[in-house]
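In: attaching a predicted model along with its sequence, questions to come.
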Amino acid sequence: MATKEGGGSSQPNGPNSRAEAAAKAEGLSKSEQEKMQRELEKTRENLSYKELREIARDVKSS
């Protein structure tokens, strides 16, 4: 059975891993990270790292 690479939160470079890296790169606080996570849960899209950084910047500036 084949597995998806980077498809889950426990897999390296998975969606949660990229989101956490983007949040860290933008210097988000814990509460800002939680806000970002809520925003990401609304979209349910497979976003690129660049898109995640943009969302992190938006959260940081709001």
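Out: Done, it's in. These numbers were taken from a predicted model, which means no experiment stands behind them.

In: now do stretch 17-27: everything it contacts.
Out: 6, 9, 11, 32-33, 36-37, 40, 47, 49, 52-53, 55-57, 59-60 (CB atoms under 8 Å, 6 or more residues apart in numbering). C-beta coordinates here come from the backbone N, C-alpha and C atoms, glycine included.

In: please pick the buried ones from the residues you listed.
Out: 32-33, 36, 40, 47, 52-53, 55-56, 59 (16 or more other CB atoms under 10 Å).

In: mind putting those residues into JSON lines with secondary structure?
Out: Output for those, formatted as JSON lines (DSSP: H, G, I helix; E, B strand; the rest coil):
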{"residue": "32", "secondary structure": "helix"}
{"residue": "33", "secondary structure": "helix"}
{"residue": "36", "secondary structure": "helix"}
{"residue": "40", "secondary structure": "helix"}
{"residue": "47", "secondary structure": "coil"}
{"residue": "52", "secondary structure": "helix"}
{"residue": "53", "secondary structure": "helix"}
{"residue": "55", "secondary structure": "helix"}
{"residue": "56", "secondary structure": "helix"}
{"residue": "59", "secondary structure": "helix"}
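
In: need the max-distance pair from those.
Out: Farthest-apart pair in the buried ones among the contacts of stretch 17-27 is 32 and 47; separation 17.1 Å (CB to CB).

In: quick check: which element contains the spatially most central residue of the chain?
Out: Geometric centre of the chain, nearest residue: residue 19, 1.9 Å, by CA atoms, centre = their mean. Secondary structure from DSSP states H and E places residue 19 in helix 15-25.

In: and that helix, what's buried?
Out: Here helix 15-25 shows 15, 17-20, 22-23 as buried, counting by 16+ other CB under 10 Å.

In: so, low pLDDT: which residues of the chain?
Out: Scanning the chain for pLDDT under 70 picks out the ranges 1-15.
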